[in-house]
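*Asks:* got a structure for you, letters missing:
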């Protein structure tokens with residue numbers, strides 16, 4: 001049973017400066033909700049009951065977002081805005097189910113995961129990167145949890161990318177395929193296009209066995225001088241521990257980039273029956289020639 005999820009939210013979000021100078025990048029809004037809320041809602045849909053956030057200085061807004069807001073709730077209730085009141089209350093994570101841990105130095109994703117080592121009691125846990133927003137009928141992590149078995153070892157969500165984009169991802173060297181799952185014989189972090197073993201790329205959804213903490217605890221620096229999660233996964237593969245890629249149904253948007261964030265806003269607005277007519281009108285106006 002996968003009941004705990006880890007959310008690494010300590011990154012600086014420098015690609016979105018100056019917007020992220022005082023606002024965590026995970027609080028950037030797509031249509032009407034911040035990115036981190038999409039990730040938490042996805043985890044809830046998968047049956048997650050314990051939420052561990054790996055934070056850093058300046059990330060207090062994330063903790064506040066999932067807390068109660070008494071004055072706002074009282075004001076909404078007094079004004080009869082009950083629908084808005086329910087939206088606010090539904091965001092809250094119940095007492096005792098959220099844990100916020102500081103990552104004191106930006107040492108990489110692998111180190112952020114390692115920071116949660118003392119707080120996970122189950123054999124396996126979920127890891128969600130809020131930068132990756134997945135639009136799907138059945139939430140991505142829910143698909144993974146339903147498909148996961150102990151024989152899968154560590155499971156990662158994967159997509160196919162263009163050859164010239166492999167240097168932005170962890171890339172699997174695929175050994176075999178079975179339905180929506182692929183078994184990897186190795187994984188390489190951000191290889192050059194000429195050295196990439198495939199175009200099967202890992203995105204920000206994982207189910208990890210707690211034994212991952214041992215290789216991450218070596219704190220070995222990898223690509224970019226950081227402690228890479230993919231290096232920990234490769235160490236486990238070398239010890240004959242399975243690594244499984246899962247091809248989910250849905251569309252992933254990389255909201256860690258401006259283009260991906262814009263695509264996500266357009267896609268989710270287009271899927272909203274109330275917003276779609278306005279979006280179509282805006283797009284028609286954008287297609288008109290600019291006046292002199």
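*Replies:* Looks like it arrived, so ask away. The shown structure was predicted, so the numbers you read here are calculated from the model rather than taken from an experiment. Numbering: from 1, shown residues only.
*Asks:* output the lowest mean pLDDT helix or strand found in the chain.
*Replies:* Lowest by mean pLDDT, DSSP states H and E among the helices and strands of the chain is helix 276-286, with a mean of 85.
*Asks:* who does that one touch, helix- and strand-wise?
*Replies:* helix 258-270 (3 or more Cβ pairs under 8 Å, 6 or more residues apart in numbering; DSSP states H and E). The way it works is simple: take the backbone N, C-alpha and C, and place the C-beta from them, glycine included.
*Asks:* report the angle between the helix it packs on and helix 276-286.
*Replies:* Interaxial angle of helix 258-270 relative to helix 276-286 (axes from the mean of the first three to the mean of the last three Cα atoms, to 10 degrees): 130 degrees.
*Asks:* residues contacting helix 258-270, please?
*Replies:* The set of residues external to helix 258-270 that reach it, using Cβ atoms under 8 Å, 6 or more residues apart in numbering, is 15-16, 28, 30-31, 133, 135, 251, 253-255, 275-276, 279.
*Asks:* now do stretch 110-119
*Replies:* 4, 6, 8, 10, 52, 54, 99, 101, 103, 105, 125, 127, 208, 210, 212-213, 216-217, 219, 222, 226-232.
*Asks:* make a PyMOL selection of whichever of these turn out to be buried.
*Replies:* In PyMOL, this line selects whichever of these come out buried by 16 or more other Cβ atoms under 10 Å:
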select buried, resi 4+6+8+10+52+54+103+125+127+208+212+213+216+222+226+227+228+229+230+231+232
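*Asks:* just the ones of the contacts of stretch 110-119 in helices?
*Replies:* 213, 216, 229-232 (DSSP state H).
*Asks:* farthest pair within those?
*Replies:* The most widely separated members of the ones in helices among the contacts of stretch 110-119, counting by Cβ to Cβ, are 213 and 230 (15.1 Å).
*Asks:* for the residue nearest the centre of the chain, what are its contacts?
*Replies:* For the chain, the residue nearest the mean C-alpha position is residue 129 (2.1 Å; Cα atoms, centre = their mean). By Cβ under 8 Å, 6+ apart, the contact list for residue 129 reads 7-8, 39, 109, 203-205.
*Asks:* so where's the stretch 1-150 of the chain shaky on pLDDT?
*Replies:* For the stretch 1-150 of the chain, no stretch is flagged by pLDDT under 70.
*Asks:* mind listing the strands for it?
*Replies:* 4-8, 29-30, 33-34, 50-55, 98-102, 124-128, 132-135 (DSSP state E, counting those that start in this stretch).
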